[in-house]
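Asks: how would this look folded up:
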Amino acid sequence: MAGIRGLGLPVVDPLPKVSGDSVEIWEVSPRDGLQAESRTLDVDTRVALIERLAAAGASVIEAGSFVRADRVPQMAGSDEVLRRVAHLPQRTPVLVPNVRGYDLARAAGADDIAVFLSATESFSQENLGASRERMEQHAAAVVTRAAEDGVRVRGYLSMVFADPWEGATPVADVVGLATRMRGWGVRELSLGDTIGVATPGQVRTVVRALTDAGIPVSDLALHMHDTYGMAAVNVYAGLDEGVRVFDAAAGGVGGCPFAKSATGNLSTDDLVWMLEGIGIRTGIDLDALVETSAWLAHELGKNPMSRVATALTR
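Replies: Numbers count the residues shown, from 1 in each chain. A predicted model of the protein is given here:
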């Protein structure tokens with residue numbers, strides 16, 4: 001078989017448990033990535049980023065977040081960004097925290113949204129400024145409105161594996177939150193290793209607990225951070241459990257602005273390199289992606305966090 005990028009590295013057979021040879025990557029750099037960066041990019045640059053990612057082959061690209069600009073100034077102007085990328089065939093979901101955010105997103109043309117909840121009380125207070133119970137009420141109201149309008153909804157679960165204030169997150173709490181969200185009508189669930197401390201064994205435990213609770217693995221995604229350098233192997237464990245949707249950010253930008261010790265998201269560049277190396281298609285042009293990651297790092301005034309982007313742009 002052809003080597004990876006002409007380097008003579010063989011593409012090996014997929015993992016034994018992999019049924020099918022493709023995955024879906026949620027490109028989160030324009031939202032989850034940029035919201036944690038110290039430099040705020042203007043609307044023109046964020047639109048250019050989304051267009052570059054689309055040209056590279058990304059099929060799902062988070063376009064922005066309808067949150068308060070005083071809390072997340074990097075996401076100001078998300079309404080204009082969304083309108084200006086409406087011509088793209090890709091899915092361009094946006095994050096909404098409550099009904100007001102939902103109304104603003106819908107006015108900007110959103111037909112694909114996400115709600116965000118914490119599996120721990122401390123992070124809910126720190127990140128969202130309200131209790132888990134209060135935020136679940138807001139999210140449930142958004143999901144109800146979305147169902148009435150025929151809007152697609154994804155659910156983000158943060159602090160799935162551990163919380164910097166509370167320690168390890170009980171698996172039962174994750175299952176309980178996921179089950180409640182499913183009860184509202186959320187089908188797509190993204191499991192967030194918000195501070196990047198998960199290990200492959202923990203990934204397997206959580207995924208199995210959720211599937212044992214009746215949630216199909218096809219409805220699960222993994223959102224890994226790379227604080228301890230474990231993001232890629234955690235994806236590998238997820239693949240072995242049947243997960244086929246993974247969140248990642250070009251160049252490894254981002255982290256979490258409200259979580260202590262959180263570093264960058266799993267790099268899309270590194271993820272694509274790994275997946276293609278085991279024979280799994282991503283639909284993403286690695287050369288175009290690496291060029292975009294280098295461009296984005298320049299716009300942010302930093303070097304790419306991605307090992308692959310760093311190696312290939314030297």
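Asks: Let me see the confidence value for the spatially closest residue to Leu266 that is not a sequence neighbour.
Replies: Of all residues not flanking Leu266 in the chain, Ala231 sits nearest, at 4.0 Å (Cβ to Cβ, 6 or more residues apart in numbering). Glycine gets a C-beta too; all of them are placed from N, C-alpha and C. Ala231 is assigned 95 on the pLDDT scale.
Asks: before we move on, what about Gly150?
Replies: You'll see Gly150 listed with a pLDDT of 97.
Asks: now it: how far from Asp111?
Replies: Distance check for Gly150 against Asp111: by Cβ to Cβ, to the nearest Å, it reads 8 Å.
Asks: Looking at these two now, which is surrounded by more residues?
Replies: Asp111 (16 against 7; other Cβ atoms under 10 Å).
Asks: Apart from its chain neighbours, what residue comes closest to that one?
Replies: Val151 (5.5 Å).
Asks: residues contacting the one you found?
Replies: For Val151, the contacting residues are 106, 110-113, 145, by Cβ atoms under 8 Å, 6 or more residues apart in numbering.
Asks: what's the answer for Glu37, then?
Replies: Counting by Cβ under 8 Å, 6+ apart, Glu37 makes contact with 74, 253-254, 300.
Asks: now, which of these lie within strands?
Replies: For the contacts of Glu37, not one is inside strands, with DSSP state E as the criterion.
Asks: Quick check: Ile195 touching His225?
Replies: Yes: contact criterion Cβ atoms under 8 Å: Ile195 and His225 qualify, at 6.6 Å.
Asks: quick one, which of the two is more surrounded?
Replies: His225 (30 against 23).
Asks: Test my guess that the more buried one contacts Val253.
Replies: No: look at His225 against Val253 with Cβ under 8 Å: they stay out of range, at 11.6 Å.
Asks: Between the two, which contacts overlap?
Replies: Counting by Cβ under 8 Å, 6+ apart, the shared contacts of His225 and Val253 are 264-265.
Asks: Distance of Asp42 relative to Trp295?
Replies: 15 Å.
Asks: Which one's more surrounded, the two?
Replies: Trp295 (17 against 12).
Asks: who's in contact with the more buried one?
Replies: Contacts of Trp295 (Cβ under 8 Å, 6+ apart): Arg52.
Asks: tell me the helices in this structure, going along the chain?
Replies: Ranges of helices within the chain are 43-55, 78-84, 99-107, 121-123, 132-149, 171-184, 200-212, 231-241, 268-277, 286-300, 307-312, based on DSSP state H.
Asks: Could you list the low-pLDDT ranges of this structure?
Replies: 1-20, 255-263 (pLDDT under 70).
Asks: make it 80
Replies: 1-21, 127-129, 255-264, 304, 314 (pLDDT under 80).
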